[in-house]
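A.B. asks: Structure, please.
(3 chains)
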Amino acid sequence: MIASERPRAIIAVDLDYFYAQCEEVRNPSIKSKPVVVCVYSGRTQESGAVSTCNYIARDLGVRSGMPIALAKRILRDNLTAVFLPMDMEYYQTVSERIMGLISSKGEKFEQASIDEAYLDVTTKQDANFRIAEEIGKAIKAEILSEEKMTCTVGVGQNKLMAKMAVDSKKPDGFTIILPGLERSFLNRLPVGKLFGIGPKTEEKLKAMGIVTARDLASADRETLSDHFGKKLGPTLRDIANGVDESPVVEKPIEQLSRIITLKSDANSFDFHDVLTPMSEYLSKKLFSSKMMCKTVGIILITSELKIKTRSKSFSPTTQSGDQILKVASELFYSFFEEQSKSPQGPISVRRVGIKVSDLVATSTSKKTETLEDYI
DNA sequence: AATACCGGCGAGT
DNA sequence: TCATACTCGCCGGTATT
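C.D. replies: Residues are numbered from 1 along each chain as shown, chains lettered A, B, ... in the order given. Next up is the predicted model:
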């Protein structure tokens, strides 16, 4: 046993229906109406998907990921419904202000997404999360007064439990799971409600007779490893037990990608026109985040919505748009070469993208390693 | 035998 | 019915050293 470890106090903050709430803040007159934020793909007038929506729309049955046309059908009798195109730049600036606000409330801060963050507020005299509660309330109050926005806060002894606390009451929630009460909080939940267990894993577990978190928490370790592998198997059991040792730390970006929907499905490798701006965009992103990439990949989504990927690593690392374009073009070319030879013939593609990964920070020292590679 | 690379899949926002 | 744009992580297979 490890010498008496004091439980950590972790706060999770989740900005409620973030994109749609940003739109409400910008234009308060829509607050009383269903608000649906859309990603229009440009194929037809209404093609695309719902990114997120406010709770008025959710209560009427709209869900994120849903086709826009379906959301419009659901809301067709509601003359007040508002459909807006996504405005990432605006959401990003709002997010940055709020993240700055949250991070100032604790030493260790981790942004988990554009609208989620963790804060480690562990202090010596806070075994019952009194201080964490104060800080959590202060965060909610400040986001409300400064940005006119509600959020949901969860407190637990690790990131997993803080997140489960958040998920248990949204929107505008505040939930604390005290140390020791993890199992009683989780036990009744179906495994699919646990963070990290999606539909596929839930189905597999169900087939094994594991339905609730209680079942999973005491499931045979050997059996879990056999079915899910030696990493995921034990992790699943940990999740059901509320166990999570992962620290609150800012993680460096490890990949960047850019993907678009084609105006119509295609099956040739003449993608130069769409690839060029994507490569330039990624190059600029790399530059602004002071990163270089070692791997370039392509992403294709077929007409049947199957995802295909190809990638290539190289050295030295690069930041250049031309280089990214060159590698991506080669990958596209050989992908379609390969496809044309396959028995099914050429494949039809709906969406295409480029991904840069294996990112490394550009050397800050005077003598760069990459320079020597060129000599 | 260990590590790197590659493509597919799953989960989440 | 129609089905976005990202990010991260794991798995198994194969290639490289």
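
A.B. asks: Whatever residue of the stretch 1-150 of chain A ends up closest to DNA strand B bridge partners, please.
C.D. replies: The minimum distance from the stretch 1-150 of chain A to DNA strand B, using Cβ to the nearest atom of the strand, falls at A:S113 (3.8 Å). For glycine as for every other residue, the C-beta is placed from the backbone atoms N, C-alpha and C. Beta bridges link A:S113 to A:E116, judged by DSSP bridges.

A.B. asks: again, but for A:V35
C.D. replies: Going by DSSP bridges, A:V35 forms beta bridges with A:V82.

A.B. asks: Centre of the chain to stretch A:138-157, how far?
C.D. replies: Distance of stretch A:138-157 from the chain centroid (Cα atoms, centre = their mean, to the nearest Å) equals 20 Å.

A.B. asks: And stretch A:121-136, what's buried?
C.D. replies: A:121-122, A:126, A:129, A:132-133, A:135-136 (16 or more other Cβ atoms under 10 Å).

A.B. asks: Please work out the average pLDDT along that stretch.
C.D. replies: Mean pLDDT, computed over stretch A:121-136, is 96.

A.B. asks: Repeat that for stretch A:156-169.
C.D. replies: 98.

A.B. asks: Report the closest residue of the stretch 1-150 of chain A relative to DNA strand C.
C.D. replies: Relative to DNA strand C, the nearest point of the stretch 1-150 of chain A is A:S47 (3.1 Å; Cβ to the nearest atom of the strand).

A.B. asks: just checking, what packs against the strand or helix carrying A:S311?
C.D. replies: Under the criterion of DSSP states H and E, A:S311 resides in strand A:307-318. Helices and strands touching strand A:307-318, as assessed by 3 or more Cβ pairs under 8 Å, 6 or more residues apart in numbering; DSSP states H and E, comprise strand A:291-302, helix A:321-341, strand A:349-357, helix A:369-374.

A.B. asks: Among the ones you listed, which comes closest to DNA strand C?
C.D. replies: Between these, strand A:349-357 lies closest to DNA strand C; by Cβ to the nearest atom of the strand that is 4.9 Å.

A.B. asks: Now the closest one - C-alpha only, CSV.
C.D. replies: Below are the C-alpha coordinates for strand A:349-357, written out as CSV (Å, rounded to 0.1, in the frame of the first residue of the first chain):
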residue,chain,number,x,y,z
VAL,A,349,-15.4,9.5,-52.4
ARG,A,350,-17.7,11.9,-50.5
ARG,A,351,-15.2,13.8,-48.2
VAL,A,352,-11.5,14.3,-48.4
GLY,A,353,-9.0,15.6,-45.8
ILE,A,354,-5.4,15.9,-44.9
LYS,A,355,-3.9,15.2,-41.5
VAL,A,356,-0.5,16.2,-40.2
SER,A,357,0.8,14.3,-37.1
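
A.B. asks: Could you give the separation of it from the chain centroid?
C.D. replies: 18 Å.

A.B. asks: partners of that strand, with directions?
C.D. replies: Here, using DSSP bridges, strand A:349-357 pairs with strand A:255-266 (antiparallel), strand A:291-302 (antiparallel).

A.B. asks: list the helices and strands the next helix or strand after that strand packs on?
C.D. replies: Sequence order places strand A:360-361 as the next helix or strand after strand A:349-357, per DSSP H and E. Under the contact criterion of 3+ Cβ pairs under 8 Å, 6+ apart, strand A:360-361 touches strand A:291-302.

A.B. asks: between the strand it packs on and strand A:307-318, how big is the angle?
C.D. replies: Strand A:291-302 runs at 160 degrees relative to strand A:307-318, counting by axes from the mean of the first three to the mean of the last three Cα atoms, to 10 degrees.

A.B. asks: any bit of strand A:291-302 sitting next to DNA strand B?
C.D. replies: Yes - using Cβ under 7 Å from any atom of the strand, strand A:291-302 comes into contact with DNA strand B via A:294-295, A:297.

A.B. asks: Put the alpha carbons of stretch A:147-157 into CSV.
C.D. replies: Extracted C-alpha coordinates of stretch A:147-157, given in CSV (Å, rounded to 0.1, in the frame of the first residue of the first chain):
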residue,chain,number,x,y,z
GLU,A,147,-19.8,36.3,-20.2
LYS,A,148,-23.6,35.9,-19.4
MET,A,149,-23.1,32.2,-19.9
THR,A,150,-24.1,29.2,-17.9
CYS,A,151,-21.9,26.1,-17.4
THR,A,152,-22.0,22.9,-15.5
VAL,A,153,-19.4,22.1,-12.8
GLY,A,154,-18.5,18.7,-11.4
VAL,A,155,-16.2,17.9,-8.5
GLY,A,156,-14.5,14.6,-7.9
GLN,A,157,-11.3,13.1,-6.7
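
A.B. asks: Identify all contacting residues around the strand holding A:S311.
C.D. replies: A:292-302, A:324, A:327, A:330-331, A:334-335, A:347, A:355, A:357-358, A:360, A:370, A:373-374 (Cβ atoms under 8 Å, 6 or more residues apart in numbering).
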